[in-house]
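Visitor: no FASTA, just this:
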């Protein structure tokens, strides 16, 4: 009788876990659909802008005009699409920024090589 109760509790616990997992899967599938729609929209706008040589234009920190080319938009598309990300303005700031490495010892020298290869 005690074994049956323990078994029944285990079954109920597993069923609850299954319902929670199904809810999580459903939420993630909805998020995937949203991301696919955003990607489709981005690809359509990319195809539209592909024929013209226009990019996204902004003012950089030095007062000049900086433009995100179609290649840059494609390269940084994941960052640009993030809901809580830094968006186009943040990407432009990154492109106009620079890094100074001081005291490039054992760890810093490897970091400077990585920074140099990115830019």
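Guide: That came in fine, so what should we check first? As the structure is a prediction and not an experimental result, all values here were calculated from the model.

Visitor: I'd like the distance between the nearest residue to residue 77 once chain neighbours are set aside and residue 112.
Guide: Counting by Cβ to Cβ, 6 or more residues apart in numbering, residue 42 is the residue found nearest to residue 77 once chain neighbours are left out, at 6.1 Å. Where C-beta positions appear, they are placed from N, C-alpha and C, glycine not excepted. With the distance defined as Cβ to Cβ, to the nearest Å, residue 42 ends up 33 Å from residue 112.

Visitor: I'd like to know which elements the longest helix seen in the chain is packed against.
Guide: For the chain, the longest helix by residue count, based on DSSP state H, is helix 2-50. Helix 2-50 makes packing contacts with helix 70-75, helix 77-81 when contacts are defined by 3 or more Cβ pairs under 8 Å, 6 or more residues apart in numbering; DSSP states H and E.

Visitor: As CSV, the ones you listed with mean pLDDT would be great.
Guide: Rendered in CSV, the data for the helices and strands packed on helix 2-50 read as follows (pLDDT from 0 to 100):
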stretch, mean pLDDT
helix 70-75, 83
helix 77-81, 80
